[in-house]
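okay, here's the prediction I keep looking at, along with the sequence it came from:
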Amino acid sequence: MDPVTDSLHEMHQRLSALREGKVADYIPQLALADPDDFGVALVSMAGHVYRAGKADTPFSIQSVSKPFVYALALSDLGPQELLRHVGVEPSGNPFNAISLEPDTGRPANPMINAGAIATTALVRESDPAARFARIRAFLSAFAGRELDVDEDVYASEAATGDRNRALAYLMHSAGSLHADPEETVDTYFRQCSVRVTATDLAVMAATLANGGRNPVTGNQVVSEPIVVRTLAVMASCGMYDGAGQWLLDIGLPAKSGVSGGLIAASPARFGVAIYSPPLDPSGNPVRAVAALGEVSERFGLHIMHMPGLRAATVTGAERLERDGRSIGVVTAQGSLEFTETEALMHALRQVTPSAPGWVVLDLTAVSAVLRGPAVGLAAVLADLAERGHHVAVAAQQTFVEAAEGRPRTWEVFSTRADALAWCLEGPAPAPQE
């Protein structure tokens, strides 16, 4: 039983019915994408991967590459030197707008095309081929696997990318781009054509959420101070001219791409990625925006939300053998949000008897449970009962309710002692055939 995956599948199935938006066609190869493609992936700080839909369908990374290449340039130049070349202010304009300072030609921020082209040129290497090789290796380290290039998308971008060439030549004439415009734009086209899946992007987003350490591979890809600045720019500029509304409503650092990818990072919780080609007028995937809105609200992820003091959630996880009965007991404390509830559910799995037995969830020291985690816990408890276990919850409040229209399949007690007494005195579970 995996309530996170079940929740993603339920949301995926429901939002698949959305038919708004239009697949990008200004790059001809992107126009071939199936508008019904829709995949969701989420990666926690523990390295657990959850998927729904077409999470492993490959597509080109496009503008979702921008924050990662910005992090690479930050590592090379340092914050102050990079700021001399690329600003950090929201432009309030579309992604391909000419947003350059009048006197210096400096692009507004690294998330729009002009700023991303300038940032790519600042990655320190001896020649364009070596520069792209380093960029691809950096993106691969974030994804936790070797990424390649979609050569068809690259050829399509190179054949139709005159506006990006114009931006590069404009910056070059203004003195803000010192590299060769043609070589720089060619590297940028290759960067945008790197092939990923929603699962790859979720791992990449989770690496940002985890302070630069890939939670799947355990490798420190980039330093935590670099991640802080990268996430800050994503929060203020990552969603283009819709960034303000996004930050107000959803409140997560995010970045979208015209191929249909979108990532969001919830620091110290998880990274999430969605693939859905139809875009809204701002160039953001319609289904992805709707899905992230639900995820943020359900798990209380808005960065302005006050989660309270962080302490160890699971304070006890043990298997008791009493009077010939096997009883799994998990004890928790504090407020249960996504990360805390995930740890609690994994602890329940570890102590649940292999044969039908007894399970006690001690929530007497828990102060609050958010709606999304409460639904997930109810699903886990119902699954344990369906598998033949007797389940008891000890709590001071009714944190966990049965799903609407379904009976409660667990007993509720006000103390841990009462719950354990029920386990020892009640009838044994029926054997499972």
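Noted; the coordinates are in hand.

show me where the stretch 201-350 of the chain has its strands.
Assignment of strands within the stretch 201-350 of the chain using DSSP state E, counting those that start in this stretch yields the ranges 254-256, 261-266, 270-275, 314-322, 325-336.

out of these, nearest to Thr207?
strand 270-275 (7.0 Å; C-beta to C-beta). Where you see a C-beta, it was placed from the backbone N, CA and C, and this is true even at glycine.

so what strands line up beside the closest one?
Using DSSP bridges, strand 270-275 pairs in its sheet with strand 39-44 (antiparallel), strand 261-266 (antiparallel).

average pLDDT across the first one?
Confidence over strand 39-44 (mean pLDDT, whole number) is 96.

how far is it from where the chain is centred?
For strand 39-44, the separation from the chain centroid amounts to 6 Å (computed by C-alpha atoms, centre = their mean, to the nearest Å).

list the contacts of the very next helix or strand once past that strand.
Where DSSP states H and E defines the elements, the next helix or strand beyond strand 39-44 is strand 49-53. Residues outside strand 49-53 that contact it (C-beta atoms under 8 Å, 6 or more residues apart in numbering): 2, 4-5, 8-9, 11-12, 16, 38-44, 198-199, 202-203, 216.

could you dump strand 49-53 to PDB, C-alpha only?
Provided in PDB are the C-alpha atoms of strand 49-53 (Å, rounded to 0.1, in the frame of the first residue of the first chain):
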ATOM      1  CA  VAL A  49      10.500   7.800  -6.100                       C
ATOM      2  CA  TYR A  50       6.700   8.000  -6.700                       C
ATOM      3  CA  ARG A  51       5.200   8.000 -10.300                       C
ATOM      4  CA  ALA A  52       1.900   8.200 -12.100                       C
ATOM      5  CA  GLY A  53       1.100   8.300 -15.800                       C
END
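
if we can go back for a sec, tell me the most buried of the strands paired with strand 270-275?
Among the strands paired with strand 270-275, judged by mean count of other C-beta atoms under 10 Å, the one packed with the most neighbours on average is strand 261-266 (a mean of 30).

on the pLDDT front, check Pro281 for me.
On the pLDDT scale, Pro281 is placed at 86.

before we move on, what about Thr398?
pLDDT, Thr398: 89.

that one falls within a helix, correct?
No. When the secondary structure is assigned by DSSP: H, G, I helix; E, B strand; the rest coil, Thr398 falls in coil instead of a helix.

which phi and psi does it have?
When quoted as degrees, to the nearest 10, the phi and psi of Thr398 stand at phi -90, psi 80.

and it, how far from Gly334?
Distance of Thr398 to Gly334, given as C-beta to C-beta, to the nearest Å: 18 Å.

looking at those two, which has the bigger crowd around it?
For Thr398 versus Gly334, neighbours defined as other C-beta atoms under 10 Å are more numerous around Gly334 (18 against 10).

looking at the helix or strand hosting Ser173 now, give me its mean pLDDT.
Of the helices and strands defined by DSSP H and E, Ser173 is found in helix 162-174. Averaged across helix 162-174, pLDDT comes to 93.

pull it out as CSV, backbone CA atoms only.
Listed next in CSV are the C-alpha coordinates belonging to helix 162-174 (Å, rounded to 0.1, in the frame of the first residue of the first chain):
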residue,chain,number,x,y,z
ASP,A,162,16.5,33.2,-35.3
ARG,A,163,14.9,35.1,-32.4
ASN,A,164,17.4,33.6,-30.0
ARG,A,165,20.2,34.4,-32.4
ALA,A,166,18.9,38.0,-32.5
LEU,A,167,19.0,38.2,-28.7
ALA,A,168,22.6,36.9,-28.7
TYR,A,169,23.7,39.4,-31.3
LEU,A,170,21.9,42.2,-29.6
MET,A,171,23.7,41.4,-26.3
HIS,A,172,27.0,41.1,-28.1
SER,A,173,26.6,44.5,-29.7
ALA,A,174,25.7,46.0,-26.3
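
residues in contact with it?
Contacts to helix 162-174, defined as C-beta under 8 Å, 6+ apart, come from residues 96, 98, 100, 104-105, 107, 113-114, 117-118, 177-178, 181-182, 184-185, 188-189.

check these for burial and list the buried ones.
96, 98, 100, 105, 107, 113-114, 117-118, 177, 181, 184-185, 188-189 (16 or more other C-beta atoms under 10 Å).

so which two of these are the farthest from each other?
Taking C-beta to C-beta as the measure, those reach their widest spread between Gly105 and Phe189, a distance of 21.5 Å.

show me how this structure divides into domains.
Each structural domain of the chain that the record assigns through automatic domain parsing is listed here as a residue range: 3-299, 314-425.

out of the ones you listed, which is closest to His305?
With C-beta to C-beta, the closest approach to His305 among those belongs to domain 3-299: 7.3 Å.

what about the closest one, how long is it end to end?
Distances were taken as C-alpha to C-alpha, to the nearest Å; on that basis the terminal residues of domain 3-299 are 13 Å apart.

burial count for the residue lying closest to Arg190 once chain neighbours are set aside?
In space, not counting the residues next to it along the chain, Arg190 is nearest to Phe132; the distance is 5.1 Å by C-beta to C-beta, 6 or more residues apart in numbering. As a burial measure, the neighbour count of Phe132 was computed by other C-beta under 10 Å and equals 21.
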